[in-house]
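> Turn this into a structure:
(chains A and B)
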Protein chains: 2
Amino acid sequence: MSEHFSYELIARDGPARAGVYHTPHGDIPTPIFAPVGTQATVKSITPAQLHEMGASLVLSNTYHLYLRPGAELVAEMGGLHKFMQWPNPMLTDSGGFQVFSLAGIRKIDADGATFKSHIDGSMHRLTPEKSIDIQQKLGADIIMVFDECAPPRDRAYNEQALERTTAWARRCLEAKTRADQALFGIVQGGIFDDLRKKSAEWTASQPFDGLAIGGLSVGESKEEMHAVLDTVVPLLPPEKPRYLMGVGSPEDLVNGIARGIDIFDCVLPTRLARHQSAMTLRGRVNMLNAIHSRDPRPIDDTCECYTCTNFSRAYIRHLISAREMLASTLISIHNISTLLRLVRLCREAIIEQRFEVFAHDFLSQYNHPKQK
Amino acid sequence: MSEHFSYELIARDGPARAGVYHTPHGDIPTPIFAPVGTQATVKSITPAQLHEMGASLVLSNTYHLYLRPGAELVAEMGGLHKFMQWPNPMLTDSGGFQVFSLAGIRKIDADGATFKSHIDGSMHRLTPEKSIDIQQKLGADIIMVFDECAPPRDRAYNEQALERTTAWARRCLEAKTRADQALFGIVQGGIFDDLRKKSAEWTASQPFDGLAIGGLSVGESKEEMHAVLDTVVPLLPPEKPRYLMGVGSPEDLVNGIARGIDIFDCVLPTRLARHQSAMTLRGRVNMLNAIHSRDPRPIDDTCECYTCTNFSRAYIRHLISAREMLASTLISIHNISTLLRLVRLCREAIIEQRFEVFAHDFLSQYNHPKQK
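Residues are numbered from 1 along each chain as shown, chains lettered A, B, ... in the order given. So this is what the prediction gives:
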């Protein structure tokens, strides 16, 4: 464990908790949502805009950066923080998820994974040691163990993958040398209660700086996701931060926070923005809909983001119709701001000991808008 | 002429001049370069970013806005300033240039022009009255007469087009009713000295708020452009601003300012940005070039824009390689900042009575970089 990191618990309200994760690049108020900068950029927005909307933790992807521009190049340019000009906390994943889900051709063995680049078809190999090496070169504050994300309902696959994930996690702990990085372990096991329990107990017993739950939001039902969280979270040590990987819809954030999760990340807000979909605390709004064409109101009149304090739905719809890049930028700013606002509201509710009511009200209103 | 506008001359240095154009939405220091927001957005950047880089005047296109989203809609949303959230001075062109250059099918008669929309093939008609009506609905500070931009070397075409342009300019003067808008006349006549002289004298004699020179940077040589400016500018009344339409390369700005031009506009900085080309005061730089891949320096280490004070050439090249939208945004910010900086440098040199030396040094160094 690294002495440069500490999780400070501020308040509990049932399983939900509010805290601060202290990192070498600043404090992360938790619960927090981390926007994803897949290729060392949160798509269509500048770091100055990210900062203005109150983001603290930003995620980037080892698989993508390893292939392009390469970890050595990023290291040579002073590391990921400097390269992409995000001076605040950063997290990199291990590359595992992308190798198993994005790479077309891949071969997994006990030692690691061989895969074909989606960019140029060249062959590459990732092992636990290689993933840690890359992540150390990138230099994010939080780095992740190299794990295998199995199809959630395949029992045999999950048993085998969990064995590999556990063995690889050990090797990651041994390979890590940088003291200014926190290494998080990852709990796997698909939808299988006993596998999740086994994985959680083992991961909790190891000297990781934080604990992540992987293999969710990959095809299982909401009920299955909640059951996994209900099994896993109580087994995790309370003094370490808990990170639910790749999860970022508003309902999932609230349901995750209700079960004791501290950190979330997802490409959803920027991906939806590129598909003209605005996120609100009541549900999604398709901004290309003709209903908006003469609407002077902002996307969400309760939102204080740059987009909502300046631009009408009519203007945003015009930008979409005219295929202007600014549409993606403005909707991305709004969507990320919405998720950051949601986790702030959750945090305040936890601190004020009214999270259960907040979560109940939120979930009962979500996708049941009283007004358009 | 509108009493809401006035051109204040601050300094002259030979034909070059520095001034302030006072408008209802603020002062424009001249000489000035106006970035172009074709469809009510300067491509890939927000108004906040435009403001931060020191832009004062922004141009938008009547042809595009008339077709989409429509002038009535913009008026209903409170006018163009409010619609696109640019609270500072704005200018709209008349739609003439786009009709004659962009529209595939078009038919010009004495009364106006009929054309086919490039968006959906629908047929439309612009007349001087219609153009003024649209521009009054859009509500920019500076609006333009509906003119015909002829191929620069076709004598017969230019003679006929000039007659129409003159007749149409009269009708625009009559059609205009809003006192809070300035109407600029446009001098046409191709590369023909006598036609340009005739057009300049007539336009100068009319109660326009400012005078523009059209039909340049459309295929003629640099020498021909300069000859036209040398003929036209001395015939224009010194108490009114002079606008060279559609011109925006660094050399053209300096050569235009040297001949007494106050206002320029061009899509060049944003268009070049989308083609990975960065503008500097020494020439253009292709940012996709592999030479930049490990270069920690900014695009231009003498530039103080957001892009150059934050990001390396290596990062920008990575964004281009990875087809990230942020590449266009960052290069656009730099390119527009570069032209705004160039006109600021010209203005300072004029005020300090050293413009001739400045222009000579600039032009002799441009495209002859001493360093990469």
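
> Show the average pLDDT along the longest helix along chain A.
Criterion DSSP state H: the longest helix present in chain A is helix A:325-351. Helix A:325-351 carries an average pLDDT of 98.

> is any part of that helix close to chain B?
Yes: counting by Cβ under 8 Å from any Cβ of the partner chain, chain B has neighbours in helix A:325-351: A:325-326, A:328-330. C-betas here are computed from N, CA, C, even on glycine.

> distance between that helix and the chain's centre?
Helix A:325-351 has its C-alpha centroid displaced from the chain centroid by 14 Å (Cα atoms, centre = their mean, to the nearest Å).

> and residue A:289, how many neighbours?
14 (other Cβ atoms under 10 Å in any protein chain shown).

> Tell me the predicted confidence for it.
98.

> cool, residue A:1 as well?
Reported pLDDT for residue A:1: 84.

> cool, and the one 3 residues further on?
Residue-level confidence at residue A:4 comes out at 94, pLDDT.

> OK, contacts around the spatially most central residue of chain A?
Per Cα atoms, centre = their mean, the C-alpha nearest to the average position across chain A is that of residue A:265, at 1.4 Å. Applying Cβ atoms under 8 Å, 6 or more residues apart in numbering or on different chains to residue A:265 gives the contacts A:33-36, A:57, A:59, A:91, A:243, A:245-248.

> For chain B, what's the nearest residue on the stretch 101-250 of chain A?
residue A:119 (9.0 Å; Cβ to the nearest Cβ).

> my guess is that residue contacts residue A:68, does it?
Yes: Residue A:119 lies in contact with residue A:68 (Cβ atoms under 8 Å); the separation is 6.1 Å.

> quick one, which of the two is more surrounded?
Under the criterion of other Cβ under 10 Å, the comparison of residue A:119 against residue A:68 puts residue A:68 first, with 15 against 11.

> Am I right that the more buried one is in contact with residue B:322?
Yes: Residue A:68 lies in contact with residue B:322 (Cβ under 8 Å); the separation is 5.9 Å.

> joint contacts of those two?
residue A:39.

> sorry, back to before: and the longest helix of chain A, which residues are buried?
Going by neighbour count (16 or more other Cβ atoms under 10 Å in any protein chain shown), the buried part of helix A:325-351 is A:325-343, A:346-347, A:349-350.

> List, one by one, the residues from the stretch 201-350 of chain A near chain B.
Contacts of the stretch 201-350 of chain A with chain B, taken as Cβ under 8 Å from any Cβ, map to A:293-294, A:296, A:306, A:310-312, A:314-315, A:317-319, A:321-322, A:324-326, A:328-330.

> Can you select the buried ones among these for me in PyMOL?
Isolation of the buried members of those (16+ other Cβ under 10 Å) is achieved in PyMOL through the command below:
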select buried, chain A and resi 294+306+310+311+312+314+315+317+318+319+321+322+324+325+326+328+329+330
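
> mind listing which of the residues of the stretch 201-350 of chain A next to chain B are in strands?
When these are checked against strands using DSSP state E, none is located there.

> Just the residues of the stretch 201-350 of chain A next to chain B: which are in helices?
Among these, the members falling in helices (DSSP H) are A:306, A:310, A:314-315, A:317-319, A:321, A:325-326, A:328-330.

> which two in those residues are spaced the farthest apart?
A:306 and A:321 (21.3 Å; Cβ to Cβ).

> Pull out the buried positions in stretch A:104-112.
Going by neighbour count (16+ other Cβ under 10 Å), the buried part of stretch A:104-112 is A:108, A:112.

> quick revisit: dump the ones in helices among the residues of the stretch 201-350 of chain A next to chain B into JSON lines; add distance to residue B:25 as well.
As requested, those are arranged in JSON lines below (distance: Cβ to Cβ, whole Å):
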{"residue": "A:306", "distance to residue B:25": "21"}
{"residue": "A:310", "distance to residue B:25": "16"}
{"residue": "A:314", "distance to residue B:25": "21"}
{"residue": "A:315", "distance to residue B:25": "18"}
{"residue": "A:317", "distance to residue B:25": "25"}
{"residue": "A:318", "distance to residue B:25": "21"}
{"residue": "A:319", "distance to residue B:25": "22"}
{"residue": "A:321", "distance to residue B:25": "26"}
{"residue": "A:325", "distance to residue B:25": "25"}
{"residue": "A:326", "distance to residue B:25": "21"}
{"residue": "A:328", "distance to residue B:25": "28"}
{"residue": "A:329", "distance to residue B:25": "24"}
{"residue": "A:330", "distance to residue B:25": "22"}
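
> What helix or strand is residue A:11 located in?
Using DSSP states H and E, residue A:11 falls within strand A:6-13.

> helices or strands up against that strand?
With contacts taken as 3 or more Cβ pairs under 8 Å, 6 or more residues apart in numbering or on different chains; DSSP states H and E, strand A:6-13 sits against strand A:16-23, helix A:325-351.

> Residue A:2 is nearest to which of the ones you listed?
strand A:16-23 (9.5 Å).

> now the helix or strand that the closest one is followed by, how far from the chain's geometric center?
Using DSSP H and E, the helix or strand that follows strand A:16-23 in sequence is strand A:26-30. Remark: strand A:26-30 is offset 15 Å from the chain centroid, using Cα atoms, centre = their mean.

> Could you pull out the buried residues of strand A:26-30?
By neighbour count with 16+ other Cβ under 10 Å, strand A:26-30 contains the buried residues A:28-30.

> Dump these into a markdown table; add distance to residue B:114 and pLDDT as well.
A markdown table is the format used below for the buried residues of strand A:26-30 (distance: Cβ to Cβ, whole Å; pLDDT from 0 to 100):
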| residue | distance to residue B:114 | pLDDT |
| --- | --- | --- |
| A:28 | 61 | 98 |
| A:29 | 61 | 98 |
| A:30 | 63 | 98 |
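
> buried residues in stretch A:239-257?
By neighbour count on 16+ other Cβ under 10 Å, the buried set for stretch A:239-257 is A:240-250, A:252-257.

> Can you show me the CA trace of that stretch as CSV?
Output in CSV follows, covering the C-alpha atoms of stretch A:239-257 (Å, rounded to 0.1, in the frame of the first residue of the first chain):
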residue,chain,number,x,y,z
GLU,A,239,-10.9,2.0,5.2
LYS,A,240,-10.3,1.6,1.4
PRO,A,241,-12.1,3.2,-1.5
ARG,A,242,-14.4,1.1,-3.6
TYR,A,243,-14.7,1.5,-7.3
LEU,A,244,-17.5,0.1,-9.5
MET,A,245,-15.9,-0.1,-13.0
GLY,A,246,-17.6,1.1,-16.2
VAL,A,247,-20.9,2.0,-14.6
GLY,A,248,-22.4,5.4,-15.1
SER,A,249,-26.1,5.7,-15.7
PRO,A,250,-27.8,7.9,-13.2
GLU,A,251,-29.8,4.9,-11.7
ASP,A,252,-26.7,2.8,-11.5
LEU,A,253,-24.8,5.6,-9.7
VAL,A,254,-27.5,6.0,-7.1
ASN,A,255,-28.0,2.3,-6.7
GLY,A,256,-24.2,1.8,-6.4
ILE,A,257,-23.8,4.6,-3.9
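
> what's the distance between residue A:136 and residue A:172?
Plainly put, residue A:136 is 11 Å away from residue A:172 if you go by Cβ to Cβ, to the nearest Å.

> So between those two, which is more surrounded?
For the pair residue A:136 and residue A:172, the greater number of neighbours falls to residue A:172 (27 against 20), based on other Cβ under 10 Å.

> okay, now the domains of chain A?
Here the domain assignment for chain A is A:6-265, A:273-365, based on automatic domain parsing.

> what about the shortest one, how long is it end to end?
It stands for domain A:273-365. Domain A:273-365 has an end-to-end distance of 22 Å (criterion: Cα to Cα, to the nearest Å).
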